[in-house]
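**Q** Below: sequence and its predicted model.
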Amino acid sequence: MKIKILNELNDFNLIYSDMQKQFPVYEMKSKEWFIGHLAGKKYKAALFFNDDCFVGYILFYVEGFLWIDYIAVLSAYQSKGYGTEMLRILFSKYSELRCAYFEVEVKDRAKPYTIKRQEFYEKLGCVNSGIEYYFPGDIEPLRMDLFYKPLSVLSCDKKKILDDIAVVFNSLHLKACSLAQVVKKLGIDYEGSV
C-alpha cells in the first residue's frame, strides 16, 4: 500500500464527496474550512492506494503529535484490513512524534459499531486516555472517548494530553467550542494554555 500526502486541493473534492456519505452532519466541517486548513502546514490529508487503486484517506493535524481528525476506507474496500494498514503506515511515517490521538464514540451496547470501533483502536495498541472528553458540536458538545497511540514515548501523562487537547481546540475546534467551555463544563482543574 502507498501513501500520498495531498498536495493539490483539487484532489480534495474526491475526499470531501466521500466524507459527506460516511460521516454524520454533526461531525463535518465546511468544505471552505478544510481548504483553508489544508493550505497551511499543520493540517494534512493522506490518500492511500493499493495497486494504484484509491482505497481510503486520513485527515490529520501535526504538532509534536498526530491528531487524527477523520479516517475512512471507501465503502467498496471496508472490512479488508485497509484501515489498519493505513494507520500503520501513518504511524511509521510520523514515528518521531510523541503519539497519535483519536476521538472515538463511547461504547454503547445499543450501537454495536461503537464497541467494534473501540476494539479496532485497542488492537492497534491505542489506549483510552481516561479523560472525560467532549467533541465540540454545533448544538452541544458530544461525549467521546479520547484514545492515544504512543509513537516515540511509552505513554502520555494527563497534563501532556490536556496540553495537546488545548492545541487542537485552538487550531481545529475553536470555531465550534472553546476548550475553556469544555473544561468549565467538566469542572476540571486545568492550568494549561487555554
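**A** Now that the structure is in, tell me what you want to look at.

**Q** C-alpha from now on. contacts and neighbour counts both.
**A** OK.

**Q** Below-threshold pLDDT in the chain: ranges please.
**A** The model of the chain has pLDDT under 70 over residues 137-139, 174-194.

**Q** From Asp51, how far off is the most centrally placed residue in it?
**A** Centroid-nearest residue in the chain: Ile68, 2.3 Å away (criterion: Cα atoms, centre = their mean). Look at Ile68 and Asp51: by Cα to Cα, to the nearest Å, they are 25 Å apart.

**Q** and the gap between the most far-flung residue of the chain relative to its centre and Lys116?
**A** The centre of the chain is farthest from one residue, Asp51, which by Cα atoms, centre = their mean lies 25.7 Å away. To Lys116, Asp51 is 28 Å away according to Cα to Cα.

**Q** just Tyr82 next, same as before
**A** 16 Å.

**Q** Which one of these two is surrounded by more residues?
**A** Higher neighbour count among Tyr82 and Lys116: Tyr82, with 20 against 12, using other Cα atoms under 10 Å.

**Q** for the closest residue to the more buried one other than its chain neighbours, phi and psi?
**A** Distances taken as Cα to Cα, 6 or more residues apart in numbering put Val73 closest to Tyr82, at 6.9 Å, once the chain neighbours are dropped. The phi and psi values for Val73, taken as degrees, to the nearest 10, are phi -110, psi 130.

**Q** and Val73, how many neighbours?
**A** 22.

**Q** Buried residues, stretch 144-163. List them.
**A** 144-151, 156, 161-163 (16 or more other Cα atoms under 10 Å).

**Q** From the rest of the structure, what touches it?
**A** 91, 94-106, 121, 124-135, 190, 192-193 (Cα atoms under 8 Å, 6 or more residues apart in numbering).

**Q** Brilliant, that's me finished.
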